[in-house]
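> Any chance you can model this:
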Amino acid sequence: QVQLVESGGGLVQAGGSLRLSCAASGRGFNDYHMGWFRQIPGKEREFVAATTGSSSSTYYADSVKGRFTISRDNTKNTAYLQMNTLKPEDTAVYYCAVAGLWNRLINGRADYWGQGTQVTVSS
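Residues are numbered from 1 along each chain as shown. Next up is the predicted model:
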């Protein structure tokens, strides 16, 4: 069992930056691949970024590539999403998630999810 808690969301102007954190508790965080997703009300949740358990590989949605950076510190059981050059269309609730299998994570079928943190980008 893994519990995930996101933090760091808020209101920022377009062009600004935010860093989201995802603190994990429970066992085996290092064994899970970790990802970030986002959802706008009325729309399906979409993939944003993911990293392997060892941080050896990362993967990004085209919409955030070059602006967002995913990272994790396994010594702190924490993952991060650095978001730069934010745009109004980045406004959403952001969720972190973990999965034992990479393909399950990328396809949104994670094993555990956080409760989400709101990010609002004003124009």
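
> What sits closest to residue 39 if chain neighbours are left out?
Nearest residue to residue 39, sequence neighbours excluded (C-beta to C-beta, 6 or more residues apart in numbering): residue 45, at 4.1 Å. In this view, the C-beta of every residue, glycine as well, is placed from N, C-alpha and C.

> how deep is residue 97 tucked in, by neighbour count?
Around residue 97 there are 26 other residues, counting by other C-beta atoms under 10 Å.

> For it, which residues are in contact?
4, 34, 35, 36, 37, 105, 110, 111, 112, 113, 114 (C-beta atoms under 8 Å, 6 or more residues apart in numbering).

> Can you tell me the number of residues neighbouring the last one?
Summarising burial for residue 114: neighbours were counted as other C-beta under 10 Å, giving 23.

> Mind telling me what element residue 34 is part of?
Assigning secondary structure by DSSP states H and E places residue 34 in strand 33-39.

> Quick check: bridge partners of the spatially most central residue of the chain?
Closest to where the C-alpha atoms of the chain average out (C-alpha atoms, centre = their mean) is residue 36, at 2.2 Å. According to DSSP bridges, the partner residues bridging residue 36 are residue 49, residue 96.

> and the residue nearest to residue 39, what is it in contact with?
37, 38, 39, 95, 108.

> Just confirm residue 72 contacts residue 82, I think it does.
No - counting by C-beta atoms under 8 Å, residue 72 stays clear of residue 82, with 11.9 Å between them.

> More neighbours: which of these two?
More neighbours surround residue 72 than the other of residue 72 and residue 82, with 24 against 15 (other C-beta under 10 Å).

> tell me the secondary structure for the closest residue in space to that one that isn't next to it in sequence?
Ranked by C-beta to C-beta, 6+ apart and with sequence neighbours excluded, the top spatial neighbour of residue 72 is residue 79, at 4.1 Å. Under DSSP: H, G, I helix; E, B strand; the rest coil, residue 79 falls in the strand class.
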